[in-house]
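Engineer: Here is the input, now give the coordinates:
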Amino acid sequence: MDRHSHARRRMMIFVMTIFVLACLVAVYFAFALHPGKPAPPNAGTVSSQVH
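Structural biologist: As a prediction, the model looks like this:
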């Protein structure tokens with residue numbers, strides 16, 4: 001049974017590592033690629049909507 005507990009522990013470490021890396025990538029995309037507020041649309045841009 002000692003072998004199974006080591007395998008279970010290593011699998012849990014692997015899963016937690018993947019989870020932490022995924023969280024880091026999500027934080028990077030959220031803050032590094034999308035900083036600040038979105039820019040409002042310009043009045044001079046062409047719109048397909050009719051007002």
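Engineer: what comes into contact with stretch 8-25?
Structural biologist: Residues from elsewhere that reach stretch 8-25, judged by Cβ atoms under 8 Å, 6 or more residues apart in numbering: none at all. All C-beta spots, glycine's among them, are computed from the backbone N, C-alpha and C.
Engineer: Tell me which stretches of the protein form helices.
Structural biologist: Using DSSP state H, the helices assigned to the chain run over residues 2-31.
Engineer: Where does the prediction get shaky in it?
Structural biologist: Within the chain, the stretches with pLDDT under 70 are 1, 35-51.
Engineer: let's see it at 80
Structural biologist: Where the chain drops to pLDDT under 80, the residues are 1-3, 33-51.
Engineer: Determine the number of other residues adjacent to Leu33.
Structural biologist: Neighbour count of Leu33, defined by other Cβ atoms under 10 Å: 7.
Engineer: For it, grab phi and psi.
Structural biologist: Here is the backbone geometry of Leu33 (degrees, to the nearest 10): phi -90, psi -20.
Engineer: do you know how far it is from Val25?
Structural biologist: 11 Å (Cβ to Cβ, to the nearest Å).
Engineer: Repeat that for Val15.
Structural biologist: Taking Cβ to Cβ, one finds Val15 at 16 Å from Val25.
Engineer: same question, Ile13
Structural biologist: 19 Å.
Engineer: And Arg3, by the same measure?
Structural biologist: 33 Å.
Engineer: Tell me which of those two has more neighbours.
Structural biologist: The neighbour comparison of Arg3 against Val25 (other Cβ under 10 Å) goes to Val25, with 10 against 7.
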